[in-house]
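S.K.: Would you be able to build a 3D model of this:
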Amino acid sequence: MLYTGKGGVGKTTIAAATAVCAAERGRRTLVVSADAAHSLGDVFERRLGPDPIGIAPRIDASEVDPRAEMHNHWGRIRDYLVEMFHYQGIEDVVADELAQLPGTEEITTLLAVEKLAASGRYDLLIVDCAPTDSALRLVTLPEVAHRVFRLLLPTMQAITRIGTPVAQKIVSIPLPRSEVFRDAETLIYDKLTTLRKRITNSQTSVRIVVTPERMVIDEARRAYTQFALFEVPCDAVVMNRLLPDEAAHEHFFQHWGRLQVERCREVEEAFAPLPVLRAPLLADQVTGCERLAELGRHLFAQAEPGDVFCKSARVRFGRDETGYFAQVPLPNASEDDLDVVVVDDELIITAGARRRFLKLPRRIARRRVLSAKLDTERLTVHFGSAAHPGEDR
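M.R.: Residues are numbered from 1 along each chain as shown. A predicted model of the protein is given here:
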């Protein structure tokens with residue numbers, strides 16, 4: 001279970017409360033912070049590190065240190081990049097920083113979480129993710145990085161196969177050694193593929209934490225659309241810090257109480273069919289296992305914290321009376337923020353700041369696009385029943 005939301009909505013507290021509740025109900029649970037600004041230890045009132053430590057019966061916690069994990073997955077690749085920058089006359093400290101390619105920390109964090117998930121030691125793994133935009137980058141990066149590296153790696157290998165003396169006349173940088181290519185191939189074709197499968201697995205899910213505030217809800221709606229674009233399943237929304245009834249009826253809070261009712265209704269409609277879990281604003285800061293357990297009992301009074309509450313729609317290819325079609329889940333998407341184009345055998349969809357390249361099945365790839373229609377839940381692209389003239393399909 002991955003928890004995310006706009007900064008300051010209380011996602012770390014909700015993730016920790018979920019873990020405590022699951023452990024109380026008998027599940028061996030690990031809660032991991034994947035947010036660079038770790039606050040999970042503060043919530044548990046314990047000092048945490050990269051290795052899981054026991055917090056209470058059946059519950060462990062850790063905070064991933066991506067730089068400490070970097071050597072395990074990027075060692076030779078990083079060393080080659082440092083060497084390349086040195087060759088260009090860049091100083092050691094700067095070269096070391098430049099070698100941290102964009103996205104490497106996110107991928108390394110996910111690889112560390114994947115290792116813990118695959119260990120078999122736990123029934124449930126809960127991830128306290130970074131705020132929404134960083135979390136989107138975290139969970140979509142395996143697919144994006146896989147595509148980029150898959151295209152770049154063969155080019156570098158082809159240059160190297162020419163032979164180093166000849167190749168050095170073509171390029172003015174040191175060429176990677178064979179072990180660098182082996183590590184890159186392992187990263188691309190093994191580790192990133194495994195991550196992609198884990199993130200889109202039916203037993204993995206994202207829960208979006210919101211508060212009854214306009215900007216928070218709007219950001220959550222955009223995130224929900226973009227998670228769906230990459231087929232990252234979401235199974236619930238958590239409405240956090242709701243005023244209790246006795247406070248909402250006080251004169252000073254009556255306006256806030258009315259707004260809260262309206263926005264709860266709005267969230268239920270915008271995120272349907274996802275269930276909306278409700279967490280009250282408690283009288284004091286929620287830290288320590290006892291207070292977290294209290295919050296968890298409010299959240300999961302009618303549910304099991306480790307269950308997947310709702311199955312998300314997937315990309316679907318099919319055929320109807322008009323021809324072939326592709327359906328892509330895009331709840332809450334806006335036509336103004338959407339761009340759809342077919343290039344060669346790929347359907348390229350841009351929703352807001354995210355772009356996905358979908359490889360079309362052979363039967364569809366070269367057919368004419370007849371229409372693209374967006375409704376409240378999905379994008380449907382229709383293709384002609386016949387391929388372009390002269391194409392042998």
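
S.K.: any idea which element the residue nearest to Asp345 when sequence neighbours are not counted lies in?
M.R.: What sits nearest to Asp345 in space, not counting adjacent residues and going by CB to CB, 6 or more residues apart in numbering, is Ala365, at 3.8 Å. Backbone N, C-alpha and C define where each C-beta goes, glycine included. Using DSSP states H and E, Ala365 falls within no helix or strand.

S.K.: Only the C-alpha atoms, please, for the host helix or strand of Arg222, written as CSV.
M.R.: Under the criterion of DSSP H and E, Arg222 resides in helix 214-229. Taking Å, rounded to 0.1, in the frame of the first residue of the first chain, the C-alpha atoms of helix 214-229 are listed here in CSV:
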residue,chain,number,x,y,z
ARG,A,214,-10.0,23.1,-2.6
MET,A,215,-6.3,23.0,-3.7
VAL,A,216,-5.7,19.7,-2.0
ILE,A,217,-8.7,18.0,-3.7
ASP,A,218,-7.9,19.5,-7.1
GLU,A,219,-4.3,18.1,-6.9
ALA,A,220,-5.6,14.7,-5.8
ARG,A,221,-8.0,14.6,-8.8
ARG,A,222,-5.1,15.3,-11.2
ALA,A,223,-3.0,12.7,-9.5
TYR,A,224,-5.8,10.1,-9.8
THR,A,225,-6.0,10.7,-13.6
GLN,A,226,-2.2,10.3,-14.0
PHE,A,227,-2.0,7.2,-11.9
ALA,A,228,-4.7,5.7,-14.0
LEU,A,229,-2.9,6.6,-17.2
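
S.K.: From the contact counts, what lies against whichever helix or strand comes after it?
M.R.: Of the helices and strands lying after helix 214-229 in sequence (DSSP H and E), the nearest is strand 234-242. If contacts are counted by 3 or more CB pairs under 8 Å, 6 or more residues apart in numbering; DSSP states H and E, strand 234-242 sits against helix 11-24, strand 206-210, helix 214-229, helix 254-270, strand 276-280.

S.K.: picking up where we left off before, count the residues that sit near the residue nearest to Asp345.
M.R.: Ala365 is flanked by 18 other residues according to other CB atoms under 10 Å.

S.K.: Surely it and Asp344 touch.
M.R.: Yes: counting by CB atoms under 8 Å, Asp344 is a contact partner of Ala365 at 7.4 Å.

S.K.: low-confidence ranges in the stretch 101-250 of the chain?
M.R.: 101-104, 141-142, 144-189 (pLDDT under 70).

S.K.: switch to 50 and redo it
M.R.: For the stretch 101-250 of the chain, the stretches with pLDDT under 50 are 159, 162-164, 166-170.

S.K.: Quickly find the element holding the residue positioned nearest the centre of the chain.
M.R.: What sits nearest the mean C-alpha location of the chain, by CA atoms, centre = their mean, is Val139, with 2.3 Å. Per DSSP H and E: Val139 is located in helix 132-161.

S.K.: which residues of this structure fall in helices?
M.R.: Counting by DSSP state H, the chain has these helices, from start to end: 11-24, 40-44, 66-87, 92-98, 104-118, 132-161, 164-170, 178-186, 192-200, 214-229, 245-248, 254-270, 288-299.

S.K.: returning to that earlier point: flag every buried residue along the helix holding Arg222.
M.R.: 216-217, 219-229 (16 or more other CB atoms under 10 Å).

S.K.: thought the residue nearest to the centre of the chain was touching Phe230?
M.R.: Yes: using CB under 8 Å, Val139 is in contact with Phe230, at 7.1 Å.

S.K.: ok, Glu24 - contacts?
M.R.: 293, 296 (CB atoms under 8 Å, 6 or more residues apart in numbering).

S.K.: rerun that using 7 Å as the cut-off
M.R.: Contact analysis of Glu24 by CB atoms under 7 Å, 6 or more residues apart in numbering lists Ala293.

S.K.: And it, how close does it get to Val308?
M.R.: Using CB to CB, to the nearest Å, Glu24 is found at 20 Å from Val308.

S.K.: CA-only coordinates of stretch 267-285 in CSV, if you can.
M.R.: What follows is stretch 267-285, C-alpha atoms only, in CSV (Å, rounded to 0.1, in the frame of the first residue of the first chain):
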residue,chain,number,x,y,z
VAL,A,267,-14.7,13.8,-3.2
GLU,A,268,-17.1,10.8,-3.1
GLU,A,269,-18.5,11.8,-6.5
ALA,A,270,-15.1,12.6,-8.2
PHE,A,271,-13.3,9.5,-7.0
ALA,A,272,-16.2,7.0,-7.4
PRO,A,273,-16.1,4.0,-7.2
LEU,A,274,-13.2,4.4,-4.8
PRO,A,275,-14.3,4.2,-1.1
VAL,A,276,-13.6,7.3,1.0
LEU,A,277,-12.1,6.5,4.4
ARG,A,278,-12.6,9.2,7.1
ALA,A,279,-10.1,10.3,9.7
PRO,A,280,-11.2,12.8,12.3
LEU,A,281,-9.2,15.8,13.6
LEU,A,282,-8.1,14.5,17.0
ALA,A,283,-7.5,16.7,20.0
ASP,A,284,-3.7,16.5,19.9
GLN,A,285,-0.9,15.6,17.6
